[in-house]
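Engineer: structure of the sequence below:
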Amino acid sequence: MGFHPPPSRAALEPFATLDPAALAGLPASSPLTVRSAALSAQYLYLGTGGGKLLLFTLDTPSPTFLRILPIGPTRPVSAILPLPSVARVLILADGLLLLADPLLSRPVRRLGSLRNVAAVAARAPDASDLTSCSLAVSVGKKLLLVDLTLHEADELEVQTRDISLVDGVKALAWAGDAVFVGTASGYSLFTTTSQAQGVEIFTLPESSRPPRVKPLSGGEEVMLLVDNVGVVVDRSGHPVGSSFVFNSAPECIAEVFPYIVVAGDSKVDVYRRRNGAHLQTIPHAKAGPGVLIVASNDTRTGGELVVIATAYKVFCYHKVLAVEQIKALLRRKSYGEAISLLQEFEADGEISKDMISFVHAQLGFLMFFDLRFEDAVNHFLLSETMQPAEIFPFIMRDPNHWSDLVPRKRYWGLHAPPKPLEEVIDDGLVTLQQALFLKKAGVDTVVDEDFLSNPPSRADLLELAIRNIIRYLCSCREKSLSSPEMEGVDTLLMYLYRALHLVDDMEKLASCQNSCIVEELESLLDDSGHLRTLAFLYGSKGMCSKALGIWRILARNYSTGLWKDRASLSETDSPESSVDKMSGEEIAAIEASKILQASSDQDLVLEHLGWVADIDPELGAAILTSEMRGKQLSPEKVVAAIDPEKVGIHQRYLQWLIEEQGCDEPHYHTSYALSLAKSAMDVVHSESKYGDKIKKEFDSDVQLIFLLRERLQLFLQASDLYDPEEVLDVISESDLWLEKAILYRKMGQENIVLQILALKLEDSEAAEQYCAEIGRDDAYIQLLDLYLDPKNGKGPMFTAAVRLLHNHGESLDPLQVLERLSADMPLQLASDTILRMLRARVHHHRQGQIVHNLSRSTNLDARLTRLEERSRHVQLTDESICDSCRARLGTKLFVMYPDDSVVCYRCYRNQGDSASGRGHNFRKGGIFKQCWLVSR
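Structural biologist: Numbers count the residues shown, from 1 in each chain. Here you go, the predicted model:
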């Protein structure tokens, strides 16, 4: 038999061994020699060299002999073809075709008069036709098609026709409508739908072994053998997929999906159908003459059984379940082979999705206990049915808050129950030490060679395990988990972050939406000094008071030099070398402001406003003016709580209260105006006090003054609710003349406003614009008086006066203007303007006369038209009726309206002049006729 390497895995396993002669009760003096075998459903047919046909059933735990049917002592059975569609078994014996019933209960009958049959093949049964089948038969040089049809009373109709002439046929196979023919010279293809000449596929070398063909995939493909190479072709003879290279030249081939079973050279090899990979070798010794025979119940849906027959024995095998094959590999810790096998079964659809997830989880646990943490988590992530709670025992020792969530799964019992990481690593290191000892002693072990050649330290393994569990838990956070599971994932994730001092990850988790249980982490984070993380966690859980208390403590520590959590500093870092002290203080204020901006707790906001504003006034203003809170703070309490020295915050809050919240309280408007006025005065005073400044500082001060005065001026102009007298008292001694002009205008002091605009600011355009807003001509006369007689020690402003007369002189009374002109005013300055005023006056007078005469003409035409309308004649008949009450008018008094409606006098008294008989209301809408147009 020779030496054969052990198989990589068992795809087939035996379940019975048959001794046909002993089971049939034949004496030892007349032994049976098996020449052929066939499987059909649960039945096994064996053909002998002595012309006998034996029937066994394989559907019981132990195979049972059913019947023996003699065919003829001189007719060895060379082939058996079950034909279930016509309830027959076809037998090729000594060149004759014989038919028997499936249970061998009746004697065999010859199929026609065919003799010297060299080969026969049956077409794969069609699911839509259950009463007929077709055969391809090689007789001499003819290739025949035999159609069998089953009728009532178990009658069989046989029809035969020629397909083609082929000499030297050794093998036949049927695929679809094509018959594949193997001869000593090569392989050809013939179609049964026509009698066309066959198509040659390829030729065989002269020294090659006899041809063999085998239908695969239920008749969809065919394997053509060339020595030890199997070429798979489709129905058209075109190669598909990869070829098979067998270890030896096959003597017999069978298919049991997804495997190809090949017998030859005293052994049976099992290959994978999809990729031709060799899986298993089953050695068998030939007992007597003949070859090894394999047969399977391969159908279109796949079979489970394979029989291997020698001359005197029959061995029955069945497929090993996919799960059992994977389990056997996992027991030997052949993880790579198990993964490849799982992928193959998944591609072939032989394993369910739930089982795939189950196997990935099992692989993960086995690798985890073998200290291959990264690979283990990769498989955990591939499992769709694994629950995050299954790894909780690796992190926290039982009993704990989530002990009841851990499912009690044992999988296949290939690994120990989960236990804390430290114990897993310690046990794994002990196993590694034992493997090293055994290796030195020359004993092979299943421990990974990488571990043996470079054993890791306990600390490295622990860190690696924690990092990979973190990766798994982070992935679980994206899944839809129950609330208790989510709490466990987030809380234990925080534990693992802390174990590796991953401060950034801790703070990121704590600050985002999470399900951490605060009670489980509170003391842990406090004791370890991770106060920032604890503050973030408090904030995310709505525990604002505690979070703000921590941020306040941190801000105080930052300001005194304790600027960073000690737990987050590395051994080589120092508080002074990493970042500026103020940066940490500002971060604390920023985080506190985020909480305060969303909080509606007035007492809490005002309690922490002071220290945040001390660090950054902008944050203080943002807290008070936040739109994020559901209920706004009381303005009275806010204003009272603001530090008087923090003028910027006070002004920003009042501005927001007035402009964005629409507050109409005069008190707040006055306070805002006073605050802006004082700030503007202070800035102007400080700028004038320190005049010796470099250009850059000077430009900055000018810009600040401009912005402050602009805000003050805009507010003074826009608001009507402040007290202008109070504001005026504040700025009365300053040079804020434009602001004073706005205030006097609010008070109605037109003369003072004009004095400021014309004399103090010398803004002629603004003064004229103000006169236009007043809307009276005497305002321009008053402004002209100011220009000609300033009364403030200045000389007359003739240029401004001329400008005023040039722009608005046409609308002024020339006499008043001439009366106010000074005798000292140069005539050449005013002559052109006065001349234009006089001409404009004459023009206006004549234009008024034209308009007056046109109006008189229009009035005369209208009166004439009205007279004609009143005096026109109206003719009534006996049939005329009132448009209102519909009564005949007869000799009654009547009234006619402009819309030509006629009503009786009584209806006129009732409805009056405003409404006609046709419902037209003359008060709401007049009436117009084309004849009323003025034509003269």
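Engineer: so who does Pro407 touch?
Structural biologist: Residues near Pro407 by Cβ atoms under 8 Å, 6 or more residues apart in numbering: 387, 389-390. For the C-beta atoms, the positions are set from N, CA and C on the backbone; glycine is no exception.
Engineer: strands of the stretch 201-350 of the chain, residue ranges please.
Structural biologist: Along the stretch 201-350 of the chain, the segments classed as strands by DSSP state E, counting those that start in this stretch run 213-216, 221-226, 229-233, 244-245, 252-256, 259-264, 267-272, 278-283, 293-296, 305-309, 314-319.
Engineer: can you redo those strands as JSON lines with mean pLDDT, distance to Ala741 and mean neighbour count?
Structural biologist: As requested, those are arranged in JSON lines below (pLDDT from 0 to 100; distance: least, Cβ to Cβ, whole Å; neighbours: other Cβ atoms under 10 Å):
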{"stretch": "strand 213-216", "mean pLDDT": "90", "distance to Ala741": "104", "mean neighbour count": "22"}
{"stretch": "strand 221-226", "mean pLDDT": "91", "distance to Ala741": "102", "mean neighbour count": "23"}
{"stretch": "strand 229-233", "mean pLDDT": "92", "distance to Ala741": "102", "mean neighbour count": "20"}
{"stretch": "strand 244-245", "mean pLDDT": "90", "distance to Ala741": "104", "mean neighbour count": "18"}
{"stretch": "strand 252-256", "mean pLDDT": "89", "distance to Ala741": "106", "mean neighbour count": "23"}
{"stretch": "strand 259-264", "mean pLDDT": "89", "distance to Ala741": "103", "mean neighbour count": "24"}
{"stretch": "strand 267-272", "mean pLDDT": "90", "distance to Ala741": "99", "mean neighbour count": "21"}
{"stretch": "strand 278-283", "mean pLDDT": "87", "distance to Ala741": "102", "mean neighbour count": "17"}
{"stretch": "strand 293-296", "mean pLDDT": "82", "distance to Ala741": "110", "mean neighbour count": "24"}
{"stretch": "strand 305-309", "mean pLDDT": "90", "distance to Ala741": "110", "mean neighbour count": "25"}
{"stretch": "strand 314-319", "mean pLDDT": "90", "distance to Ala741": "104", "mean neighbour count": "21"}
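Engineer: out of those strands, which comes closest to Leu548?
Structural biologist: Among the strands of the stretch 201-350 of the chain, the nearest to Leu548 by Cβ to Cβ is strand 267-272 (66.8 Å).
Engineer: show the model's pLDDT score for the residue nearest the centre of the chain.
Structural biologist: For the chain, the residue nearest the mean C-alpha position is Glu478 (11.1 Å; Cα atoms, centre = their mean). Glu478 is assigned 93 on the pLDDT scale.
Engineer: Gly413 too?
Structural biologist: We have a pLDDT of 85 for Gly413.
Engineer: mind checking the SS state of it?
Structural biologist: Under DSSP: H, G, I helix; E, B strand; the rest coil, Gly413 falls in the coil class.
Engineer: contacts only, for Phe922.
Structural biologist: By Cβ under 8 Å, 6+ apart, the contact list for Phe922 reads 898, 913-916.
Engineer: over to Val86?
Structural biologist: For Val86, the contacting residues are 131-133, 148-150, 156, by Cβ under 8 Å, 6+ apart.
Engineer: generate CSV for those residues, with pLDDT, neighbour count and distance to Thr799 as supplementary columns.
Structural biologist: Listed next are these as CSV, based on pLDDT from 0 to 100; neighbours: other Cβ atoms under 10 Å; distance: Cβ to Cβ, whole Å:
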residue, pLDDT, neighbour count, distance to Thr799
Thr131, 84, 11, 124
Ser132, 88, 19, 123
Cys133, 90, 23, 123
Leu148, 91, 21, 128
Thr149, 91, 16, 127
Leu150, 90, 18, 128
Leu156, 89, 16, 133
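Engineer: quick one, what contacts Ala124?
Structural biologist: Neighbouring residues of Ala124 by Cβ under 8 Å, 6+ apart: 174-175, 215, 218-219, 300.
Engineer: quick check: which element contains it?
Structural biologist: Here Ala124 sits in a region with no helix or strand, counting by DSSP states H and E.
Engineer: and it, what pLDDT?
Structural biologist: Each residue has a pLDDT score; the one for Ala124 is 83.
Engineer: my guess is Thr491 is in a helix, correct?
Structural biologist: Yes: assessed with three-state DSSP, Thr491 lies in a helix.
Engineer: hmm, it is touching Glu522, no?
Structural biologist: No: applying Cβ atoms under 8 Å, one finds Thr491 not in contact with Glu522, separated by 11.2 Å.
Engineer: between these two, which one's more packed in?
Structural biologist: Relative neighbour count places Thr491 above the other of Thr491 and Glu522, with 24 against 15, counting by other Cβ atoms under 10 Å.
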